[in-house]
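In: Quick check, what structure comes out for this input:
(one chain, ligands or ions: 1)
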Amino acid sequence: MSTYTEDLRKVTTRRLIEMKQRGEKISMLTAYDYSMATLIDQAGMDVILVGDSASNVMCGNITTLPITLDQMIYHGRAVMNAVKRALVVVDMPFGSYQGNSKEAVASAIRIMKETGADCVKLEGGAEIKESIERILSAGIPIMGHLGLTPQSINKFGTYTVRAKEKAEAQKLIEDAHLLEELGCFAIVLEKIPAKLAEQVAKELTIPIIGIGAGGGVDGQVLVMHDMLGINKGFSPRFLRRYADLNSVITEAVQNYIKDVKTSDFPNEKEQY
Ligand code: KIV
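Out: Alright, predicted model coming up:
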């Protein structure tokens, strides 16, 4: 367990709000499979996000749009088989909640029943109000997601910083207040100016988790493959790499290939 994680109790939505109240920053990272989720949970992470970024980092798709509800449930179940302490959030995939609110609640119920996760995350504000209300009315906690919302990439046309203009910043502030009023327990703000994110974090009582949103928010989230340096082709300014697993894994695999080719592996002790 991390030296920053003294409290070994299961993390809940209520405990995240208490962390904000006492000024304790919230750590959040993505995971998509049992083995990595085990390591991340044992290291003391507060929140594990089964992100629809699985579409990119697990499947190689260019966007998050192709991943299906069944695939998100598969990843969610694998992570839930591992996690003992962290709060687990599963992303609702594109097309599973935007159409109508009945479909949205049916999708959210499937995620909760079939993965055992703690809550779901949805991208958007006022435009998905009905879906949020219906899902919350079923007793399912929701984490919101505003700013750069990758499921809307075809509308934006680019992954650059959002809400730099006054009108978009104002809409984001209004959407954040709306999500809090509706009953969301936290919001992810992605790739927006740090000052705007800090203002939202100050105005709202629920935790604001940033990715590319500066240090004035209540917590940070990164995509695991990016921060561990598995995925070297993605280097936005906001990303800090904590390891170079790309080189570590490549070197290990090349050593294995060499040992097989030279008949060095297996040796006498490595056989029956
Ligand atoms: O899918 C994901 O990994 C996310 C994070 C970028 C917040 O939504």
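
In: T158 versus the residue nearest to R237 when sequence neighbours are not counted, what's the distance?
Out: Using CB to CB, 6 or more residues apart in numbering and skipping the chain neighbours, the partner closest in space to R237 is G212 (7.6 Å). Where C-beta positions appear, they are placed from N, C-alpha and C, glycine not excepted. Between G212 and T158 the distance is 14 Å, computed by CB to CB, to the nearest Å.

In: List the buried residues in stretch 227-242.
Out: Using 16 or more other CB atoms under 10 Å as the test for burial, stretch 227-242 gives M227, L228, G229, I230, N231, F238, R241.

In: now the end-to-end length of that stretch.
Out: 6 Å (CA to CA, to the nearest Å).

In: From the chain's centroid, how far away is that stretch?
Out: 15 Å (CA atoms, centre = their mean, to the nearest Å).

In: pLDDT of it, averaged?
Out: Averaged across stretch 227-242, the pLDDT comes to 94.

In: what comes into contact with it?
Out: 29, 57, 191, 211-213, 222-226, 243-247, 249 (CB atoms under 8 Å, 6 or more residues apart in numbering).

In: Can you flag which of the residues you listed belong to helices?
Out: Those of the contacts of stretch 227-242 mapping onto helices are V57, M224, H225, D226, L245, N246, S247, I249, per DSSP state H.

In: what about the last one, neighbour count?
Out: Pointing back at I249 there. The number of residues packed near I249 is 13, by other CB atoms under 10 Å.

In: Taking the protein, what residue is nearest to the ligand?
Out: G51 (2.5 Å; CB to the nearest ligand atom).

In: residues near the nearest residue to that residue once chain neighbours are set aside, how many?
Out: Leaving aside its sequence neighbours, G51 sits nearest to T30 (CB to CB, 6+ apart; 4.3 Å). Residues near T30, counting by other CB under 10 Å, number 27.

In: what does the model give T30 for pLDDT?
Out: 98.

In: list the contacts for it?
Out: By CB under 8 Å, 6+ apart, the neighbours of T30 are I48, L49, V50, G51, S53, A54, V221, L222, V223, M224, H225.

In: Quick one: residues contacting the nearest residue to M58 once chain neighbours are set aside.
Out: What sits nearest to M58 in space, not counting adjacent residues and going by CB to CB, 6+ apart, is Y32, at 5.2 Å. Y32 sits next to V50, G51, A54, V57, M58, H75, A78, V79, M224 when contact means CB under 8 Å, 6+ apart.

In: what about the helices in the stretch 1-150 of the chain?
Out: 13-21, 34-43, 54-57, 69-80, 101-115, 129-137 (DSSP state H, counting those that start in this stretch).

In: Pick the most deeply packed of those.
Out: Across these, the average number of neighbours (mean count of other CB atoms under 10 Å) peaks for helix 54-57, which reaches a mean of 22.

In: thinking again about what came up before, from the ones in helices among the contacts of stretch 227-242, which would you call buried?
Out: Here, 16+ other CB under 10 Å leaves V57, M224, H225, D226, L245, N246 buried among the ones in helices among the contacts of stretch 227-242.
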